[in-house]
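> Fold the following and give me the result.
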Amino acid sequence: MAFNRMESATYLASLVARSLARALQERGQKLGFAPGQFPILLELWSEDGLTQKQLLDRLDIEQATMANTLARMERDGLILRRRHPSDRRSQQIFLTERAREMEAAAKEAAAAAEQSLFSGFRRFEKELMLEYMRMALANTARDGEAS
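Prediction:
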């Protein structure tokens, strides 16, 4: 039986992810952030001063990738690191004024990228797709815990 990639969820999901990342990159580049930084920014906009360990626990990112992304964000003036007041081994990560000021525009850029993905969808179709995506992610998380 021939493999039909257009019937493969893994293949289609990777195409959708790349397409969204590309759309966010085009918009985010103008603001000064990369798509891989966006989840970290979202967490810090929600709760500034998290440690790297807290970010790792909240986001599904490899330790090395997180370290490299934070280094780039620090270099680009998006974050500052400060020694944790009660745990000398860890550092807290804080947004710079520049990163705080870009929050609304960055979220608008992400919404525009998402809107391009859902162009032509009826509201219930978008809601169904999002629900199916959440269900699939829950399944993969459960499978990951089992292995």
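> pLDDT weak spots in this protein?
Scanning the chain for pLDDT under 70 picks out the ranges 146-147.
> Need the residue closest to the centroid of it.
For the chain, the residue sitting closest to the mean C-alpha position, by C-alpha atoms, centre = their mean, is Pro39 at 2.9 Å.
> Helices along the protein, start to end?
9-31, 38-46, 52-58, 63-75, 97-101, 103-117, 123-146 (DSSP state H).
> Just say which of those helices is most tucked in.
Among the helices of the chain, helix 38-46 has the highest mean neighbour count (mean count of other C-beta atoms under 10 Å), at a mean of 18. For the C-beta atoms, the positions are set from N, CA and C on the backbone; glycine is no exception.
> Which residue ranges make up each domain of this protein?
The chain is divided into the following domains under automatic domain parsing: 1-32+102-147, 34-99.
> Ser90 and Arg82, how far apart?
Distance of Ser90 to Arg82, computed by C-beta to C-beta, to the nearest Å: 10 Å.
> again, but for Asn4
Asn4 is 52 Å from Arg82, by C-beta to C-beta.
> Check Glu7 too.
50 Å.
> OK, contacts around the residue nearest to Ala110 when sequence neighbours are not counted?
In this structure, Ala110 finds its nearest non-sequential neighbour in Leu24, 6.0 Å apart by C-beta to C-beta, 6 or more residues apart in numbering. Leu24 sits next to Pro35, Phe38, Ala109, Ala110, Ala113 when contact means C-beta atoms under 8 Å, 6 or more residues apart in numbering.
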